[in-house]
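J.: Just to be clear, the model below is a prediction. Sequence and coordinates:
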Amino acid sequence: MLITNSTVFMPSMLTFVGIPGLEPVQRWIGIPFCAMYIIALVGNTLLLIIIKSEQSLHEPMYIFLAMLGATDIALSSSIVPKMLGIFWFHLPEIYFDVCLFQMWLIHTFQGIESGVLLAMALDRYVAICHPLRHATTFTRQVVTHIGVGMTLRPAILVIPCLLLIKCRLKLYRTKFISHTYCEHMALVKLAAEDVYINKFYGLFGAFVVGGFDFILIILSYIQIFITVFHLPEKKACLKAFNTCIPHICIFFQFYLLAFFSFFTHRSGTHIPSYIHITSSILYLLLPPFLNPFVYGVKTKQIRDQVVKIFYCKDQG
């Protein structure tokens, strides 16, 4: 291990660089990100209000959607306020322990979102492939247990990442993080010590949560497609398939961005850093921004409630 004059022992404060290479235009970049954040907050809050107030939407599919909306609000709120503080108000500093806490929040909410997408896929699998068992399988108690389980799973799995950083990594090459938020790899790369165990556990956690969920979701939708296209009535086939379309759209947008961000951070050394950072921001911000639109357009019950709310306001 090489110790130089620039090596820092357990810095109490870290400094965000923002988006390297785009520092002169960061204040302008913050405008679309802020707009996306506001739309995500309004859209997901409206989604939660509709699902809570409409009794006919108190079904597992919509309860999982409400969980997704709440997770999206929390996830986007974990990164955007600090990011805008960096871009607009020149507030790049963050306490080391606060950085670890932000990292825990971000990766926990990422894992919860992945778990919700898996719960949605399994819900659609049972509803389409075993419709007579759906009511007895996804009871209120089971849905509650699923919600608790998919919250605790990432929350507990991320804790060793924090402990490995806090307890093992004492020496750091620099206090400057080339990012806009505390991401695991971005923080680990600052260390001047062996980070093999940290990287290995990061990969392990990503597979246990994201990889495992991805495989089960793919298998669920494959089985759904097989079942749907063997239904004798084409009308029933289209109706059943239509309930899956919003879930599939959300699934692809979440995991495509996740895989791109994951692999560019770990093996995309030839990709400019500003693409790394921008893709990471979009990975966390784009799904919360798009999810309300996808479900608002493709889900008739939610669309009808939105029209009803604004129509009543106009009438008043």
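T.: All right, it came through fine. If you're wondering where the values come from, they're calculated on a predicted model, not measured in any experiment.
J.: Which helix or strand lies directly C-terminal to the longest helix along the chain?
T.: Longest helix in the chain by number of residues (criterion: DSSP state H): helix 96-129. Where DSSP states H and E defines the elements, the next helix or strand beyond helix 96-129 is helix 134-137.
J.: got the CA coordinates for that following helix in PDB?
T.: Taking Å, rounded to 0.1, in the frame of the first residue of the first chain, the C-alpha atoms of helix 134-137 are listed here in PDB:
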ATOM      1  CA  HIS A 134     -55.200 -15.300  -6.800                       C
ATOM      2  CA  ALA A 135     -57.700 -14.200  -4.100                       C
ATOM      3  CA  THR A 136     -56.400 -16.800  -1.600                       C
ATOM      4  CA  THR A 137     -52.700 -16.400  -2.500                       C
END
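J.: so how far is the one helix or strand residue 260 maps to from its chain's centroid?
T.: Using DSSP H and E, residue 260 sits in helix 245-267. Centre-to-centre, helix 245-267 and its host chain are 10 Å apart (CA atoms, centre = their mean, to the nearest Å).
J.: which parts of the longest helix of the chain are buried?
T.: Across helix 96-129, burial judged by 16 or more other CB atoms under 10 Å covers 96, 99-100, 102-129. (Each C-beta comes from the backbone N, C-alpha and C, glycine too.)
J.: With stretch 58-69 instead?
T.: Of all the residues in stretch 58-69, those buried under the rule 16+ other CB under 10 Å are 59, 60, 61, 62, 63, 64, 65, 66, 67, 68, 69.
J.: before we move on, the earlier item: and the next helix or strand after the helix holding residue 260, what does it pack onto?
T.: Per DSSP H and E, the first helix or strand lying C-terminal to helix 245-267 is helix 273-298. Packing partners of helix 273-298 (3 or more CB pairs under 8 Å, 6 or more residues apart in numbering; DSSP states H and E): helix 26-53, helix 60-89, helix 96-129, helix 245-267, helix 300-315.
J.: what about the helices in the stretch 101-250 of the chain?
T.: Remark: helices assigned in the stretch 101-250 of the chain by DSSP state H, counting those that start in this stretch are 134-137, 140-168, 184-188, 196-206, 212-228, 234-242, 245-267.
J.: What is the longest one packed up against?
T.: Think helix 140-168. helix 60-89, helix 96-129, helix 184-188, helix 196-206.
J.: and the ones you listed as TSV, adding mean pLDDT?
T.: Output for the helices and strands packed on helix 140-168, formatted as TSV (pLDDT from 0 to 100):
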stretch	mean pLDDT
helix 60-89	95
helix 96-129	94
helix 184-188	88
helix 196-206	86
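J.: can I get those helices in TSV with distance to residue 251?
T.: As requested, the helices and strands packed on helix 140-168 are exported to TSV (distance: least, CB to CB, whole Å):
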stretch	distance to residue 251
helix 60-89	11
helix 96-129	6
helix 184-188	23
helix 196-206	17
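J.: Contacts only, for residue 79.
T.: By CB atoms under 8 Å, 6 or more residues apart in numbering, the contact list for residue 79 reads 102, 106, 180, 181, 281, 284, 285.
J.: Tell me the most packed of these, by neighbour count.
T.: residue 180 (28 neighbours; other CB atoms under 10 Å).
J.: Could you verify my assumption that it touches residue 18?
T.: Yes. Checked against CB atoms under 8 Å, the pair residue 180 and residue 18 is within contact range at 5.7 Å.
J.: how far away is the residue lying closest to residue 47 once chain neighbours are set aside from residue 129?
T.: Nearest non-adjacent residue to residue 47, counting by CB to CB, 6 or more residues apart in numbering: residue 69, 4.4 Å away. Between residue 69 and residue 129 the computed distance is 26 Å (CB to CB, to the nearest Å).
J.: what do you get for residue 250?
T.: Distance, residue 250 to residue 129, by CB to CB: 20 Å.
J.: I'd like to know which helix or strand in this structure has the lowest mean pLDDT.
T.: helix 234-242 (a mean of 66; mean pLDDT, DSSP states H and E).
J.: show me what contacts the residue sitting nearest the centre point of the chain?
T.: Central residue of the chain (CA atoms, centre = their mean): residue 110, 3.7 Å from the mean position. Going by CB under 8 Å, 6+ apart, residue 110 touches 75, 154, 209, 210, 258, 284.
J.: Redo these as CSV? Include distance to residue 199.
T.: As requested, those are arranged in CSV below (distance: CB to CB, whole Å):
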residue, distance to residue 199
75, 23
154, 18
209, 16
210, 16
258, 17
284, 21
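J.: Please name the residues that touch the residue nearest to residue 166 when sequence neighbours are not counted.
T.: With sequence-adjacent residues excluded and distances taken as CB to CB, 6+ apart, residue 166 is closest to residue 100, at 6.6 Å. Applying CB under 8 Å, 6+ apart, we find residue 100 in contact with 162, 165, 166, 182, 187.
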